[in-house]
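Student: Predicted structure and sequence below. I'll ask about it afterward.
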Number of protein chains: 2
Amino acid sequence: MTDGALRIGEVATRAGVSCRTLRYYEELRLLAPSGHSAGGARRYTEDDLARLLRIKELQDVMGFDLEEIGAILGAEDRLAELRTEWRGGARPERQDEILAEAVKINDRLRQQVREKRAKLDEVMAELEAKARRYRELAGGSSTPG
Amino acid sequence: MTDGALRIGEVATRAGVSCRTLRYYEELRLLAPSGHSAGGARRYTEDDLARLLRIKELQDVMGFDLEEIGAILGAEDRLAELRTEWRGGARPERQDEILAEAVKINDRLRQQVREKRAKLDEVMAELEAKARRYRELAGGSSTPG
DNA sequence: GCTCCCGTTGACGTGCACGTCAAGTTCTGA
DNA sequence: TCAGAACTTGACGTGCACGTCAACGGGAGC
């Protein structure tokens, strides 16, 4: 376990967000610090930072709102939690259920990424068509089409 | 020229937005109706609808805000306007300037699309890695990695 | 001409994702 | 030990992209 004991300011800076954002995410139960100092200051780990970067990724790249992101991370958290108690060998039918939920969300996400990629390719095609027309214009200025 | 004389309600429905959105875009000088009825009601063309769909594309797929979108469309508009007066053969050095601006914006946009694509591929790779681990879990439940 | 839906402007409201300020506490280097 | 930076909670403010309501005007079918 990477246990750097990072302070909120450092995490914020390294992720390119504000401290307010970190406190807001905690309020929304999206990202809680792994610990606290004696006086009550938040202490984050590298794993916490990675989770924050993951949130930003889902937000910026996929355009999800924080509620959707919470649902995604929540399913993964439940699965991770389950794996901890896996060794305890408790409730096998509930295990299937939680794994199935994670798989379902994963499938849906990959589908959404594929769709987004397709749309992105469309936009790219439009841009390249425009670029060709611009090159035409720059070349001969007398053939309007 | 496709000149369907569409009313605001039909344009909104076909684009999957509200009438309020159309009026808001007009307020922001993003999309003006091509004409009006005698009484002052907005009348759109198929080209206007296409522009609206383009705005939505840039918004949803690229995540641009309306100001950025305005800048992008603005440059293209200036170029289109220029092409109209091209035949008039006025101000050749200003022509180069405007074309250069459009090319520059086009280049930057394509670069942003490429970057977005790369990030999207990263997200996809993460999701596929998770999917593999899920399949492992579903297969043998005794080998924690 | 009457109806009724669709449209108009203007103004205020809303949800999200934070920003910002206040007043106090804690942590860290000299 | 003490200055000053960084942190805490709490509350209110903000910008964007619209939603919504009120009061009124236009226009297409009967």
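Tutor: Perfect, I can see it now. Numbers count the residues shown, from 1 in each chain, chains lettered A, B, ... in the order given.
Student: buried stuff in stretch A:51-71?
Tutor: Within stretch A:51-71, the residues that count as buried by 16 or more other CB atoms under 10 Å in any protein chain shown are A:R51, A:L52, A:R54, A:I55, A:E57, A:L58, A:V61, A:M62, A:F64, A:I69, A:G70. No exception for glycine: its C-beta is placed from N, CA and C like everyone else's.
Student: Filter those down to the ones in helices?
Tutor: A:R51, A:L52, A:R54, A:I55, A:E57, A:L58, A:I69, A:G70 (DSSP state H).
Student: okay, now the residue of chain A found nearest DNA strand D: neighbour count?
Tutor: Residue of chain A nearest DNA strand D, by CB to the nearest atom of the strand: A:G9 (2.6 Å). The number of residues packed around A:G9, counting by other CB atoms under 10 Å in any protein chain shown, is 12.
Student: Follow the chain on from the one helix or strand it maps to and name the next helix or strand.
Tutor: Using DSSP states H and E, A:G9 sits within helix A:8-15. Next helix or strand after helix A:8-15 toward the C-terminus (DSSP H and E): helix A:19-27.
Student: Would you mind writing the CA trace of that following helix as CSV?
Tutor: Only the C-alpha atoms of helix A:19-27 are listed here, as CSV (Å, rounded to 0.1, in the frame of the first residue of the first chain):
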residue,chain,number,x,y,z
CYS,A,19,-9.3,22.0,-1.8
ARG,A,20,-13.0,23.0,-2.0
THR,A,21,-13.5,20.4,-4.7
LEU,A,22,-12.0,17.7,-2.4
ARG,A,23,-14.2,18.6,0.5
TYR,A,24,-17.2,18.7,-1.9
TYR,A,25,-16.4,15.2,-3.2
GLU,A,26,-16.2,14.0,0.4
GLU,A,27,-19.6,15.6,1.1
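Student: Output the contacting helices and strands for the lengthiest helix in chain A.
Tutor: Secondary structure of chain A per DSSP H: the longest helix is helix A:92-139. Applying 3 or more CB pairs under 8 Å, 6 or more residues apart in numbering or on different chains; DSSP states H and E, one finds that helix A:92-139 contacts helix A:66-84, helix B:46-60, helix B:92-139.
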